[in-house]
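# just need the structure, nothing else, for what follows:
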Amino acid sequence: MQDFKVEKFNGPNSRETAKLTSLLALAAGAVACPQPGHADIIYTSLGPSGYAVGFTANESLQFVVPGDANVGFKRVSSVSYTSPGSLTINIRLVLAGDLGGGAGGGFNGTSVAAPKPFGAAWDNPALLYNVPVAWVNDVNGSSGTSDFDHQYYAWMFNDSTQGGAARYGWAEVSLAMAGYNAGGPTLTVWAYAYDNTGLKPTMGAIPEPTSTALLALGAMALGARGVRKWRQDRKPLRSV
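Next up, the predicted model:
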């Protein structure tokens, strides 16, 4: 008769408990540490509600980048006049580009900033240091574009900490248009990122987690409830 070794079990044995404890400790450490995979893309999320720029929202958004470049979005009011004639036209717009001072920064676009779909290439024929996102006026309500949701703008800045080297990135945005008296255009920015090596990332490209980070996230997802379930699934064995 074959011999079977049966051990008394009233809970997880010390070796298994130690392994689980080590895994959870690894999870906590790995999640707390920066992940090196594709660390050349520096990604910033603005949260589930995003960050809105417009005349019924915030005045401006400046991207956090190394050096003294001031690049992002801002709301702007302007006035123009008909010629011939003296009709005054008031305009409300959201502008993308250089917010003033420091090294330069700009966006792809021609008459307006050019929204791109997820995965599109960075390249575009034009790069402007100040380009409208959209605008409305108080005369005929004309605008530069229409609503869109979760599209991407390609942008760049000059990194003054690296001798003015060009750095390229993307911004995930949504646009909501309204009439002049209702506030004009509002741009919501969900996230932005740039590549710190000088490469041009595709729209929406973010750092990829390492295998260690994935293991850590899995262990963290296990959590206390998972530990309890793991213990419950262990059927007690008794010596026979």
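# where do the helices of this protein begin and end?
Along the chain, the segments classed as helices by DSSP state H run 14-32, 211-232.
# where among those helices is the average confidence lowest?
Mean pLDDT values for the helices of the chain show the minimum at helix 14-32, a mean of 44.
# ok, Leu128 - contacts?
The contact partners of Leu128, by Cβ atoms under 8 Å, 6 or more residues apart in numbering, come to Gly97, Gly106, Phe107, Asn108, Gly109, Thr110. Yep, even glycine has a C-beta here, placed from its N, CA and C like the rest.
# count the residues that sit near the spatially closest residue to Asn130 that is not a sequence neighbour.
Counting by Cβ to Cβ, 6 or more residues apart in numbering, the nearest residue to Asn130 once its immediate chain neighbours are dropped is Gly97, at 4.0 Å. Counted with other Cβ atoms under 10 Å, residues neighbouring Gly97 total 24.
# ok, now Ile89?
The number of residues packed around Ile89, counting by other Cβ under 10 Å, is 15.
# before we move on, what about the one 4 residues further on?
For Leu93, the neighbour count with other Cβ under 10 Å is 22.
# and the gap between the residue lying closest to it once chain neighbours are set aside and Asn181?
Take Leu93 and drop its neighbours on the chain: the residue closest to it by Cβ to Cβ, 6+ apart is Trp135, 3.4 Å away. For Trp135, the distance to Asn181 (Cβ to Cβ, to the nearest Å) stands at 14 Å.
# look at the two and report which has more neighbours.
In this view Trp135 and Asn181 are compared by other Cβ under 10 Å, and Trp135 has more residues nearby, 21 against 10.
# against Ser78, how distant is the residue nearest to Leu93?
Per Cβ to Cβ, Trp135 is found 8 Å from Ser78.
# give the contact list for Leu87.
Tyr81, Val139 are the contacts of Leu87 under Cβ under 8 Å, 6+ apart.
# 7 Å instead?
Tyr81 (Cβ atoms under 7 Å, 6 or more residues apart in numbering).
# next: the one 10 residues further on.
Taking Cβ under 7 Å, 6+ apart as the criterion, Gly97 is in contact with Val71, Gly105, Gly106, Phe107, Leu128, Tyr129, Asn130, Val131.
# burial measure for the residue nearest to Trp155 when sequence neighbours are not counted, as a count.
In this structure, Trp155 finds its nearest non-sequential neighbour in Phe107, 4.7 Å apart by Cβ to Cβ, 6+ apart. Neighbour count of Phe107, defined by other Cβ under 10 Å: 28.
# touching, Phe107 and Ala96? I think so.
Yes: counting by Cβ atoms under 7 Å, Phe107 does reach Ala96; the two are 4.4 Å apart.
# overlap in contacts of these two?
Ala113, Val131, Tyr153.
# distance of the closest residue to Thr82 other than its chain neighbours relative to Ser80?
In space, and not counting its chain neighbours, Thr82 is closest to Ile89: 7.0 Å by Cβ to Cβ, 6+ apart. Remark: distance between Ile89 and Ser80 (Cβ to Cβ) = 5 Å.
# same question for Ala191.
The value you get for Ala191 to Ser80, if Cβ to Cβ is used, is 34 Å.
# neighbour count winner among the two?
The residue with more neighbours, out of Ala191 and Ser80, is Ala191; 19 against 12, by other Cβ under 10 Å.
# beta partners of the more buried one?
Ala191 forms beta bridges with Ser45, Glu172, as assigned by DSSP bridges.
# I'd say it and Pro48 touch.
No: using Cβ under 7 Å, Ala191 is not in contact with Pro48; the gap is 10.8 Å.
# all set now, cheers.
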